[in-house]
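K.L.:
whatever this is, show me its structure:
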Amino acid sequence: MSTRNFLAFDIGASSGRAILGTIADNLLSLKEIHRFENQMVEINGSFYWNIFSLFGELKTGLKKCIQDFGIQPESVGVDTWGVDIVLLDRNGMIVGLPYAYRDPRTDTAMEEVFKMIPKNDLYQMTGIQFMQFNTLFQLHAYKRDNSPQLEIATDILFIPDALCYLFSGIMKNEFSIASTSQFLKPGKLEFEYNLLNTIGIDCTMMQELVLPGTVLGDLKPEIQKETGSKAIPVVAVAAHDTASAIASVPATGRNWAYISSGTWSLMGIESDHPHISEEIQKLNFTNEGGVEGTTRFLKNIMGLWLLQECRRIWSVDHNYTWPEMVEMSLKAQPFKCLIDPDARDFLNPGDMPAAIAAYCRKTGQPEPENHGEIIRTIFESLALKYRATLDSIIAVSPVKIEKIHIIGGGANNELLCQYTSNATNLQVYAGPTEATAIGNIMMQAKALGAVSSLEEIRKMVFESFETKVFTPIDANTWSFQSLRFKSITSNL
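P.N.:
Reported below is the predicted structural model:
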């Protein structure tokens, strides 16, 4: 079998990477080519993404791959977080920095839209979890605020769509990223234009929807010249990072749940169709697009963002490593206090340790007294949130859940993996940690004929990367704490 090389650009809310995937002898190997930071930019009290800087980093990654590592990839693909969008004018120029989903302008947007579109109707039409930063609510905020950028905009692209456009000159909306918007028909390659009309957005601003694994076009000549690349194709992969990650889960059958663990924790199951009902709406689950016609039935959970923000605040005086933080938590009192990771208090508080202390006061619990206790509170609360989410999945799932696959960067955190196994009383399979980049690479490989199916992708991932298995310990104690967690979080 010939060697095949594909370059994945995987951008998260805190960092991005260019990862080279090489397929040889039916095995996949990875090499990190370039890593860079990605931070929200605060300007006059609003939060943005510097998309121009991000694109510069992607070009640097491609150039390094070719010139420093001596490898010309066969294609490139981009995945990012969901919901955020870029506005372009009639000349195809980006009209301003795109807002970041944590920007406070959407704090009241959901309630405002519900006055125009009844909440129940909106869920039935889209099957998407209500979160204040979903694209529909962001567009409403643009319209409500009489945005000058919106007035001159003629086209809307999601963040990975925009980066692919900058590479190729082709404007398309990829299915999996579009499914995070709250104006896509569930499970269909079709926008719900009535919703856009209702909030006053011109439907012609949206692009043709394409499925994961679609070749968009070749790199533009000026990009080829700048990077030294050949005229290689730009592939619309599963552009939502979670969709790429789930495509790489090394599992067979459907008797498993997944947690894509990073800044966010995305927990759910893979399904052949969307699940929409009044009961599921009350549970606030989402139905997002996957690969090969699958639906990602899941819940967005505030993940390691809480710990990342604590570490940022503490970095003024303490430059803790991640292993040091785990060790500190092990010395702290177990289950001293519990928080709901999804409370609005933690969306973007500025001072996360202070927000956690305030939440504990509000819920009648003792405050954490040191950094170790705060870290332990986060780990234990995340694991118990996974347990609560799993209970909801089991209540509506047509299949029995027998194990959990944790993928992404959080799979490196063995303590959180063990806590998750304890809390859910299920075996946890951790890995691969580079799940998103792997899924990105493998959808490029599928587009160019190196693999033929999702089943073949998962078989190759299973044979190429090790997973670590965690078995429940002290499940009775965790089951008791689960009841306490539900009591604390349900009283707000």
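K.L.:
any chance you could map the strands in the stretch 1-150 of the chain?
P.N.:
4-11, 15-24, 27-37, 41-43, 46-48, 76-79, 85-88 (DSSP state E, counting those that start in this stretch).
K.L.:
any low-confidence regions in the stretch 351-492 of the chain?
P.N.:
For the stretch 351-492 of the chain, residues meeting the criterion pLDDT under 70 lie at 492.
K.L.:
shaky segments in the chain?
P.N.:
1, 492.
K.L.:
hmm, try it at 90
P.N.:
1-2, 13-14, 252-253, 263, 284, 396-398, 490-492 (pLDDT under 90).
K.L.:
longest helix of it?
P.N.:
helix 371-396 (DSSP state H).
K.L.:
need the next SSE after that helix, C-terminal direction.
P.N.:
strand 403-407 (DSSP states H and E).
K.L.:
wait, which of the strands of the stretch 1-150 of the chain is closest to E327?
P.N.:
Checking the strands of the stretch 1-150 of the chain against E327 by Cβ to Cβ gives strand 15-24 as the closest, at 23.4 Å. All C-beta spots, glycine's among them, are computed from the backbone N, C-alpha and C.
K.L.:
so which elements touch that closest one?
P.N.:
Strand 15-24 is packed against strand 4-11, strand 27-37, helix 51-67, helix 435-447, with contacts defined by 3 or more Cβ pairs under 8 Å, 6 or more residues apart in numbering; DSSP states H and E.
K.L.:
which one of the strands of the stretch 1-150 of the chain lies nearest to K459?
P.N.:
Nearest to K459, of the strands of the stretch 1-150 of the chain and by Cβ to Cβ, is strand 27-37 at 10.8 Å.
K.L.:
for that closest one, which positions count as buried?
P.N.:
28, 30, 33-34, 36 (16 or more other Cβ atoms under 10 Å).
K.L.:
then that strand to PDB, C-alphas only?
P.N.:
The C-alpha trace of strand 27-37 is given here as PDB (Å, rounded to 0.1, in the frame of the first residue of the first chain):
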ATOM      1  CA  LEU A  27      -2.200   2.100   9.900                       C
ATOM      2  CA  LEU A  28      -2.400   5.900  10.700                       C
ATOM      3  CA  SER A  29       0.400   7.800  12.300                       C
ATOM      4  CA  LEU A  30       0.400  11.500  13.400                       C
ATOM      5  CA  LYS A  31       3.000  14.200  13.500                       C
ATOM      6  CA  GLU A  32       2.500  17.600  15.000                       C
ATOM      7  CA  ILE A  33       3.700  20.200  12.500                       C
ATOM      8  CA  HIS A  34       2.700  23.500  14.100                       C
ATOM      9  CA  ARG A  35       1.000  24.600  17.300                       C
ATOM     10  CA  PHE A  36      -0.400  28.100  18.100                       C
ATOM     11  CA  GLU A  37      -2.500  29.800  20.600                       C
END
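K.L.:
parallel or antiparallel, which strands does that strand pair with?
P.N.:
Applying DSSP bridges, strand 27-37 is found paired with strand 15-24 (antiparallel).
K.L.:
what angle separates the partner strand from strand 4-11?
P.N.:
Using axes from the mean of the first three to the mean of the last three Cα atoms, to 10 degrees, the inter-axis angle of strand 15-24 relative to strand 4-11 is 160 degrees.
K.L.:
what's the angle from strand 15-24 to helix 435-447?
P.N.:
Using the same axes, to 10 degrees: strand 15-24 against helix 435-447 is 50 degrees.
K.L.:
what separates F158 from T295, distance-wise?
P.N.:
19 Å (Cβ to Cβ, to the nearest Å).
K.L.:
of these two, who's got more company?
P.N.:
Comparing F158 with T295 by other Cβ atoms under 10 Å, the one with more neighbours is F158, at 28 against 22.
K.L.:
and the residue lying closest to the more buried one once chain neighbours are set aside, what are its phi and psi?
P.N.:
Leaving aside its sequence neighbours, F158 sits nearest to I177 (Cβ to Cβ, 6 or more residues apart in numbering; 4.4 Å). Backbone geometry at I177, expressed as degrees, to the nearest 10, gives phi -70, psi -40.
K.L.:
what residues are up against I177?
P.N.:
Neighbouring residues of I177 by Cβ atoms under 8 Å, 6 or more residues apart in numbering: 80, 82, 158-161, 239-240, 243.
K.L.:
okay, these in a markdown table with secondary structure next?
P.N.:
Below are the contacts of I177 laid out as a markdown table (DSSP: H, G, I helix; E, B strand; the rest coil):
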| residue | secondary structure |
| --- | --- |
| T80 | strand |
| G82 | coil |
| F158 | strand |
| I159 | helix |
| P160 | helix |
| D161 | helix |
| A239 | coil |
| H240 | strand |
| A243 | helix |
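K.L.:
distance to V41 for the residues you listed - can I get that in CSV?
P.N.:
Listed next are the contacts of I177 as CSV, based on distance: Cβ to Cβ, whole Å:
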residue, distance to V41
T80, 16
G82, 19
F158, 19
I159, 14
P160, 19
D161, 21
A239, 22
H240, 22
A243, 26
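K.L.:
nearest to N91, of those?
P.N.:
For the contacts of I177, the nearest to N91 is D161 (17.5 Å; Cβ to Cβ).
K.L.:
from T106, how far out is that closest one?
P.N.:
20 Å.
K.L.:
now swap in L195 and tell me
P.N.:
16 Å.
K.L.:
same check, this time on D474
P.N.:
41 Å.
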